[in-house]
Structure formats: C-alpha cells, structure tokens
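[1] only the shape, not the letters, is given here:
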C-alpha cells in the first residue's frame, strides 16, 4: 500500500510530461500538413537513388592490403 504514495505522483508527473511534449509539438507546427508528407514519402525520388548507385556500381572498391 505504501508504494501508491510513490506511483500516483509519478504517474501524474508522467502524464504532465506527455501533455507537455504534445503541446510543444503542436506549438512548433509538427502536425501541420500530414497529407502532403505521406504523399512525399510514397512518391519518392528514385532518380537520385539510381544515380548514386550507378556511380558506385562502376568499379568495386577493394580494401587496402596491409
């Protein structure tokens, strides 16, 4: 029963911390445009990935011999 004297205030502090982080995220516009961000992730720019990979595909790298 004595543990409740610790757990109840600790849970109240945790709830206040969660509310604080959520309020900070709202204040800093973290949830402004969720639809466009989801589309941006799905549409991805494959051309830049392919050019990066084609440069590395030319000659395989070898580790220096010691």
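    The structure has been received and is ready for your questions. All values derive from a computational prediction rather than experimental measurement.
[2] could you list the low-pLDDT ranges of this protein?
    Along the chain, segments meeting pLDDT under 70 span 44-63, 66.
[3] what about the helices in it?
    4-27, 34-43, 46-56 (DSSP state H).
[4] what comes into contact with the first one?
    When you say that, I think you mean helix 4-27. Applying Cβ atoms under 8 Å, 6 or more residues apart in numbering, the contact partners of helix 4-27 are residue 31. For every residue, glycine as well, the C-beta is placed using N, CA and C.
[5] mind listing what's buried in stretch 32-47?
    By 16 or more other Cβ atoms under 10 Å, stretch 32-47 has no buried positions at all.
[6] which outside residues touch that stretch?
    Residues contacting stretch 32-47 (Cβ under 8 Å, 6+ apart): none.
[7] ok, back up a step: got JSON lines for the helices of the chain, with distance to residue 64 too?
    Shown next, in JSON lines, are those (distance: least, Cβ to Cβ, whole Å):
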{"stretch": "helix 4-27", "distance to residue 64": "47"}
{"stretch": "helix 34-43", "distance to residue 64": "39"}
{"stretch": "helix 46-56", "distance to residue 64": "18"}
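[8] show me the one of the ones you listed that comes nearest residue 65.
    helix 46-56 (21.3 Å; Cβ to Cβ).
[9] to what extent is residue 21 buried, counted in neighbours?
    If you count neighbours by other Cβ atoms under 10 Å, residue 21 ends up with 10.
[10] next, find the distance separating it from residue 35.
    23 Å (Cβ to Cβ, to the nearest Å).
[11] cool, residue 43 as well?
    12 Å.
[12] likewise residue 64?
    50 Å.
[13] again with residue 41
    Taking Cβ to Cβ, one finds residue 41 at 11 Å from residue 35.
[14] got it, and residue 2?
    Distance, residue 2 to residue 35, by Cβ to Cβ: 50 Å.
[15] repeat that for residue 5.
    47 Å.
[16] next: residue 7.
    Taking Cβ to Cβ, one finds residue 7 at 40 Å from residue 35.
[17] ok, now residue 1?
    For residue 1 relative to residue 35 (Cβ to Cβ), the value is 50 Å.
[18] how about residue 10?
    38 Å.
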